[in-house]
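J.: structure of the sequence below:
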Amino acid sequence: MDEPQLFVDLGLLLLAALGGGLLAQVLRQPLIVGYVLAGILVGPFTPGPTVSDPRSFRLFAEIGVILLMFSIGVDFSIGELLRVRRVALQGALGGIALIVLLTVPVGALLAWPLTQSIAVGAAISVASTMVLLKFLLERGELDSPHGRVAVGISLIEDLAVVAMVILLPVLGAEGGSRVVPLGRGLLQAVLLLAPLLWFARRVFPEALARVARTRNTELFLLVVVVVAIGTAALTASLGLSLALGAFLAGLVISESEFAHETLARVLPIRDVFVAVFFVSVGMFIRPASLVTEWATVLALVLLVAGAKFALRAGIVRGVGYDRRTAVLTGLSLAQTGEFSYVLAGVALTNQLITEGVYNAVLATSIVTILINAAVFRRVPRWVERVTAERGVAEELAAPTERRDGHVIIFGYGRVGREVADALVAFNVPFAVVDLDPEATRAARAKGALVVFGDAGTELILRRAGVERARLAVVVIPEFEAAHRCVHALRRIREDLPILARLHQQRYRALLAEAGATEVVQPEVEAALTLVRHSLDRLGVDHQEGRRYLEEMRGHWPEAYRAEAVAEAVGAQEVVLRNPALAGRTLRDAAIRERSGATIVTLRRGDREMTNPAPEEMLQPEDRIFAIGTAEQLALLTQLCEGGGDGEGFTRSAGKP
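T.: Alright, predicted model coming up:
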């Protein structure tokens, strides 16, 4: 192809990608679907504008695969996997094996060779990580129990793709000769991985740090791209896949402190090349062959949407998760996507599958993503009702101890753990309600009363002792579940203070209407904290600054705070002017014991100490920021700004 025609085709391809992406966005479908459909429209098998030589864009598609696998390696989270390692390993590896086994008899019915059945089973066994993350983010469920489990399974599947890319070509070898290529491939992978890991820990962080110190973003990006494509080229020269090398290069980057900066630089160019990859995939689909391969498409859709859902849900349920988490995890993974294209392409290149079956695999991916988008957005409410009704007896089977005057935490994720740590520090008894077995085990280890069950079920709430609780803290990531929890709590206790976390502003009024005493939106609280620190740094009188912040809260509807709680618990900053306390440590001054207020921050000039240690020595003009009731804060002010040694102050204020 001559250069002018190449640029004409490239312009048409990118224009098609833009049009398909915009259409998918309008229809609220994943961009992948729009890109593939756009590729079909500009491909040689449909009328209208056509890319003259689709094969000339295979290089761009390969770069898209390299950057996709590279970004997966950079963003690979060992910590997230460790949290759900048991269910992730069983759900991913067990699910892949079972899907491949189920595909074999289906392939026999369709008169496929055994190798083709195995290759197709491998291709449809993995879900789209990009589609999964998009749906979870849209629903605000990334940190939910089923979100964490699904992402964990998806990450293991991504690793399995790397292994399958190595192993699939071995299926093309004849008879007994398969063992030799398999052993050689695995040996080469190990020999490559060992020096790369050493390089990642010993050499690369320092080299990348030197580049970063130049503060030249272009040079930094160039180094990253060289590492990604260079490592992919190295693996290809050793007879392994480009995808494997790109993933290993990402792992190298992930070992350094520059992983996030790398992702920020790579993602924009990755997204462009990935779009080209999906459009080029669409260009090779023959729409007419979908009619002739209708039986194959139907069989594969049933395997993905039906069998994959049932198998994954069954595995998650068998590990110990509740019905709701198992069903939602199964639903979220009942689709195929970008890595199915990669695996199908490897299988086609090695003549493991026919072109018709390849087209059927691609069509199955589009159909299952569309089905998944429709089902996952609408079914969960019905699932929540059914699974909650069926699971009540089982969730109430274990005996639970009785507690009084405790705090109940609903949702034991990252935020719930922070709340629990604070309660442990101040010896406040608490209970935890969650649907995640890993979370409940961690809560029980901290001495919490643990209730495994749906927080929106009245029987579960009563089992957690809501009638005798002092406070409820709702930090469930999913709005629907949090809303049901608040509503059920208010039905049981009209006087119970309920603190609820909220991510999306548009739901604030609904939570307040359901009965939340206080709704906290993390983004708003972060903004208010930044305003407070800015005013302090600028020398604005701290009392005037606090008054401004209170007015600011009143004008921000998403920073809603009920009057009852505002009057019950407040915050105040006082200046230490009592000479009797200056020169004493916080332990000796016994400010908390005397006033009941809790010191959050101690400021001394430009220095700020959060949660100061008991050994910290107090000095004149220290500014103490504390929380407590109005009575406790009044005692704190009298103690720090008044005269005398403060020994006469009462301890009746107690702990907040």
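J.: what is the burial count for the residue lying closest to V279 once chain neighbours are set aside?
T.: Nearest non-adjacent residue to V279, counting by Cβ to Cβ, 6 or more residues apart in numbering: G39, 4.0 Å away. (Glycine included, C-beta is placed from N, CA and C.) Number of residues near G39 (other Cβ atoms under 10 Å) recorded here: 29.
J.: just the buried residues of whatever helix or strand G39 lives in, please?
T.: G39 is located in helix 31-42, with elements delineated by DSSP states H and E. Residues of helix 31-42 classed as buried: 31-42 (neighbour count, 16 or more other Cβ atoms under 10 Å).
J.: name the residues that touch that helix?
T.: With Cβ atoms under 8 Å, 6 or more residues apart in numbering as the test, helix 31-42 has contacts from 12-13, 16-17, 19-25, 46, 48-51, 128, 130-131, 275, 278-285, 287, 337-338, 362, 365-366, 369-370.
J.: can you give me the strands in this structure?
T.: Using DSSP state E, the strands of the chain run over residues 407-410, 430-434, 449-452, 471-474, 498-501, 518-520, 570-575, 598-604, 607-610, 623-628.
J.: start and end of stretch 446-457, how far apart?
T.: End-to-end distance for stretch 446-457: 24 Å, by Cα to Cα, to the nearest Å.
J.: what about that stretch, distance to the chain center?
T.: Stretch 446-457 sits 23 Å away from the centroid of its parent chain (Cα atoms, centre = their mean, to the nearest Å).
J.: surely L234 is in contact with A246?
T.: No: using Cβ atoms under 8 Å, L234 is not in contact with A246, being 10.6 Å away.
J.: quick one, which of these two is more surrounded?
T.: Taking other Cβ under 10 Å, L234 and A246 do not tie; A246 has more neighbours (28 against 16).
J.: list the contacts of the more buried one.
T.: By Cβ under 8 Å, 6+ apart, A246 lies in contact with 65-70, 73, 228-229, 231-232.
J.: max pairwise distance over these: which two?
T.: L68 and T231 (14.4 Å; Cβ to Cβ).
J.: centre of the chain to the helix holding G39, how far?
T.: How far helix 31-42 lies from its chain's middle: 27 Å, per Cα atoms, centre = their mean.
J.: dump it to CSV, restricted to CA.
T.: Backbone C-alpha positions of helix 31-42 (Å, rounded to 0.1, in the frame of the first residue of the first chain) are rendered in CSV as follows:
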residue,chain,number,x,y,z
LEU,A,31,-17.0,1.4,24.0
ILE,A,32,-15.7,-2.0,22.9
VAL,A,33,-19.0,-2.8,21.3
GLY,A,34,-19.0,0.5,19.4
TYR,A,35,-15.4,0.0,18.1
VAL,A,36,-16.1,-3.6,16.8
LEU,A,37,-19.4,-2.5,15.1
ALA,A,38,-17.5,0.4,13.5
GLY,A,39,-14.9,-2.0,12.2
ILE,A,40,-17.6,-4.2,10.7
LEU,A,41,-19.1,-1.1,8.9
VAL,A,42,-15.7,0.0,7.4
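J.: what is the neighbour count of A445?
T.: By the measure other Cβ under 10 Å, the count of residues near A445 is 9.
J.: can you tell me the closest non-neighbouring residue to A626?
T.: With Cβ to Cβ, 6+ apart as the criterion, A626 has its nearest non-adjacent residue at 4.2 Å, and that residue is A597.
J.: surely the one you found and Q632 touch.
T.: Yes: if you go by Cβ under 8 Å, A597 and Q632 touch, sitting 4.4 Å apart.
J.: between those two, which has more neighbouring residues?
T.: Per other Cβ under 10 Å, whichever of A597 and Q632 has more neighbours is A597, with 29 against 24.
J.: how about that one, what does it touch?
T.: 572, 591, 626-628, 632-633, 635-636, 653, 656.
J.: closest to V8 out of the residues you listed?
T.: Ranked by distance to V8 (Cβ to Cβ), the contacts of A597 are led by I627 at 66.3 Å.
J.: which non-adjacent residue is nearest the closest one?
T.: Sequence neighbours aside, A571 is the residue nearest to I627 in space, at 4.8 Å (criterion: Cβ to Cβ, 6+ apart).
J.: fine by me, we can end here.
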